[in-house]
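**Student:** Please find the sequence and the predicted model below.
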Amino acid sequence: MSKLTKKIGFILVLTLLCTALVSCGDNVNNQQTTSPDTTVTPPISLEIIKDGTTDFVVCRPDETTENIVAICQTLIGNITTFTGANLTFKTDWLKPDVEPPAETLEILIGNTNRSETQQILKDIKYNDYFIGVVGNKLVIVGGNDTATVSAVNYFIKNFLKEQNPTESSNGNLTMTSDNNYSYLYNYRIDALSCLDKSINEYSIVIPADPSISEYRFAVEFKDYISRYVGYILPIKSDDEAETEYEILIGNTSRTNITVADNEYKVNINGTKLQILADNLFAYELLYNKIRDDIIPASEDSISLTSLNSMSAIDTTNTCSERTGDIRLLINNVLGNCDTSIYPVPQRSQMLAELYLEYDPDVIGLQECSGNSRTSSASIINELEGYTEVFVTVTNSDNINYTPLLYRADRLTLIDSGYYLYSDGENDRSKSITWAVFEVKSTGKRFAVCSTHFYWESDANAARVLDATQLISAINTINTKYNCPIFSGGDYNCISSTEPYQKLITAGYTDIQTIAKTTMNLKTTHSYPEFNTELGIYDVYYDISGTTYSNSIDHIFLAGNTSAVEVMEFRIINDKYALLSTDHTPLITDFNLK
């Protein structure tokens, strides 16, 4: 339960700080009162609005969330409504090595780079907020964006409207430092310490070039401590200066423990708390362990001093266990997207880590657009150990949206090609990339097509043409090589539709129906959601309870089907898959006879 309180001691300290920071300006009133024996620090008074006019500017962080932008606009609108004053709006951006002009009159909203804001943030926790005068600034800030929004709303109701109860009046707004207001939240965990030091004295350290699972764990760990303890721990790189009390997450340059396959460990070494896991699955289990057992929100006071060493093996992770000699993975990576809503780099990193755990011999992708190829974390570059099948692309931007990648240490590329669908829609991303591979250990051959049919719901005729052209391409491959041919991708049609049935009529088999071990889930789901405040994807949608009959992603078997035994068909619904794209990866394990 939350509570409201006046932080009297904090306000007295802040009043002294305000005196040191104050500078002269037209709207700053600074008075001093003295007596023969005692110097009294006077309150600082800011005339923010006088007779409906103002010299103040609303200032927000240059890089911020939509919620902060929106609440700034709400604040300005309310100030205009209730006082008649028209405020200008700016960000805190400054040229490098340029200090903000001290005399500038600003209403600072959120975590700005101004010293007045930063001084306040040193003394408030995650869900707390502050409204008050610091120098010649009005500072409104919370420990997180949600708290900042609450602070602005409180200011509008309890300061602005109290002084201007009637709308559209040429009003006034004066703030004084002796009326500075702080809201304190009642956190579930009152105290958290390690080695008899408050957790607030620690910083989180990650590798300079972290894996996405290391980075995500650090962010989620920080968020957990913030929400339940209140302290906002900094995250820094291991190439920054070392400090005494650190929480080492991942394989940092200061970490001196190692883990086995699928293992995680936590221990205290000197003044360092070390946290390390082998892979994304182990990190997920470890986070749950910390949340449920090590730092449970049900405890009022927790000390980690007695935590010597803890380790466990993830016995649930069976993704690397094959049921056949060869493994194929197919996935639409959501590359054709608005990158401002669905940032690509983290999704590419998550998918790459996931794929590498499953360790397929061949990977077929769809929507592998320029976004996915040229971002700061290209999925192609992230897939270490894989070679792209290079083909001559004939679309308008010379990007292969349906690429194939393979393990060159296991397979030899025999032949390959590319075909852009001519279905009347002129979509450069709808195509076929095909390749014939030879298994190095056996000399046996198989072919793979990565394909993507046209997408609009009322464009069934275009998908029928796509199916016709796919059949022609597969016939050409089969005539030349007479080998098993796997055609996987986003067909944008379910099993009851004409394009799907055209493939069935041509003799192709949906391997979901013939694999010795199979899964019955829908292969698409809602788009993942990016948390702009945390800077990670954190919302995904469970597909349990769905059925394959509504799926639009498939793997078909064609060609010399007698030369292959399909062992397993998997629909991958792991957390990283659901966080990264709206299409689940498909996997098939098979043996060549």
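**Tutor:** Now that the structure is in, tell me what you want to look at. It should be emphasised that the depicted structure is a prediction, and the values quoted were computed from it without experimental measurement.
**Student:** who's in contact with the nearest residue to residue 583 once chain neighbours are set aside?
**Tutor:** Nearest in space to residue 583, with sequence neighbours left out and distances taken as Cβ to Cβ, 6 or more residues apart in numbering, is residue 332 at 3.8 Å. C-beta: built from backbone N, CA, C; applies to glycine. The contact partners of residue 332, by Cβ atoms under 8 Å, 6 or more residues apart in numbering, come to 365-367, 452, 489-490, 553, 581-583.
**Student:** For the protein, just list every one of the helices.
**Tutor:** 8-21, 66-83, 115-121, 145-155, 161-163, 212-228, 280-289, 344-358, 370-374, 379-382, 460-481, 498-505, 575-580 (DSSP state H).
**Student:** so which of these comes closest to residue 542?
**Tutor:** Counting by Cβ to Cβ, residue 542 lies closest to helix 575-580 out of the helices of the chain; the figure is 7.7 Å.
**Student:** On the strand side of things, show who residue 530 bridges to.
**Tutor:** Counting by DSSP bridges, residue 530 forms beta bridges with residue 537.
**Student:** burial of it, as a residue count?
**Tutor:** For residue 530, the neighbour count with other Cβ atoms under 10 Å is 18.
**Student:** Over to the one 10 residues further on?
**Tutor:** Residue 540 has 19 neighbouring residues, counting by other Cβ under 10 Å.
**Student:** Once you drop chain neighbours, what's closest to it?
**Tutor:** Counting by Cβ to Cβ, 6+ apart, the residue nearest residue 540 is residue 578, at 3.7 Å.
**Student:** Kindly provide the distance from the nearest residue to residue 439 once chain neighbours are set aside to residue 436.
**Tutor:** Excluding its sequence neighbours, the residue lying closest to residue 439 (Cβ to Cβ, 6+ apart) is residue 411, at 6.2 Å. Residue 411 sits 10 Å away from residue 436, going by Cβ to Cβ, to the nearest Å.
**Student:** what do you get for residue 549?
**Tutor:** Residue 549 sits 32 Å away from residue 436, going by Cβ to Cβ.
**Student:** So the two - more neighbours on which side?
**Tutor:** residue 436 (20 against 10).
**Student:** Would you mind measuring from that one to residue 336?
**Tutor:** Distance from residue 436 to residue 336, by Cβ to Cβ: 28 Å.
**Student:** what's the answer for residue 533, then?
**Tutor:** In terms of Cβ to Cβ, residue 533 sits 26 Å off from residue 336.
**Student:** same deal with residue 230?
**Tutor:** Applying Cβ to Cβ, the value for residue 230 to residue 336 is 42 Å.
**Student:** Leaving aside the residues adjacent along the chain, what's closest to residue 532?
**Tutor:** In space, residue 532 is closest to residue 65, 4.5 Å off (Cβ to Cβ, 6+ apart).
**Student:** Which parts of the protein belong to which domain?
**Tutor:** By the assignment in automatic domain parsing, the chain contains the domains 3-184, 191-313, 326-592.
**Student:** For those domains, please prepare TSV with the additional fields mean pLDDT.
**Tutor:** Output for these, formatted as TSV (pLDDT from 0 to 100):
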stretch	mean pLDDT
domain 3-184	82
domain 191-313	95
domain 326-592	96
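**Student:** Which one of these lies nearest to residue 320?
**Tutor:** domain 326-592 (5.8 Å).
**Student:** tell me how far the closest one is from the chain's mean position?
**Tutor:** Its chain's average C-alpha position is 24 Å from that of domain 326-592, according to Cα atoms, centre = their mean, to the nearest Å.
**Student:** what comes up buried for stretch 211-222?
**Tutor:** Neighbour counts over stretch 211-222 (16 or more other Cβ atoms under 10 Å) mark 211-222 as buried.
**Student:** sorry, that was for stretch 570-580
**Tutor:** Quick answer for stretch 570-580 (16+ other Cβ under 10 Å): 570-574, 576-580.
**Student:** next one: stretch 177-188
**Tutor:** Buried-residue list, stretch 177-188, by 16+ other Cβ under 10 Å: 177, 180-185, 187.
**Student:** ok, now which ones touch residue 70?
**Tutor:** So residue 70 contacts nothing (Cβ under 8 Å, 6+ apart).
**Student:** Now that we have the buried residues of stretch 570-580, can you turn them into a markdown table and tack on distance to residue 480?
**Tutor:** Formatted as a markdown table, the buried residues of stretch 570-580 follow (distance: Cβ to Cβ, whole Å):
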| residue | distance to residue 480 |
| --- | --- |
| 570 | 30 |
| 571 | 32 |
| 572 | 32 |
| 573 | 37 |
| 574 | 37 |
| 576 | 38 |
| 577 | 35 |
| 578 | 39 |
| 579 | 41 |
| 580 | 36 |
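**Student:** tell me the two of those residues that are most distant?
**Tutor:** Farthest apart among these by Cβ to Cβ are 570 and 579. That separation is 17.9 Å.
**Student:** Point out the ones among the buried residues of stretch 177-188 that are inside strands.
**Tutor:** Using DSSP state E, the subset of the buried residues of stretch 177-188 located in strands is 181-184.
**Student:** which one of the residues you listed sits closest to residue 466?
**Tutor:** residue 183 (58.5 Å).
**Student:** Please verify my assumption that residue 160 contacts residue 175.
**Tutor:** No: contact criterion Cβ atoms under 8 Å: residue 160 and residue 175 do not qualify, at 10.1 Å.
**Student:** can the buried residues of stretch 177-188 go into CSV with extra columns for distance to residue 104?
**Tutor:** Below are the buried residues of stretch 177-188 laid out as CSV (distance: Cβ to Cβ, whole Å):
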residue, distance to residue 104
177, 18
180, 20
181, 23
182, 25
183, 27
184, 30
185, 31
187, 35
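**Student:** Nearest to residue 459 among those?
**Tutor:** Among the buried residues of stretch 177-188, and counting by Cβ to Cβ, the member closest to residue 459 is residue 185, at 52.3 Å.
**Student:** neighbour-wise, which of residue 533 and residue 336 wins?
**Tutor:** Counted by other Cβ under 10 Å, residue 533 and residue 336 do not tie: residue 336 has more neighbours, with 19 against 14.
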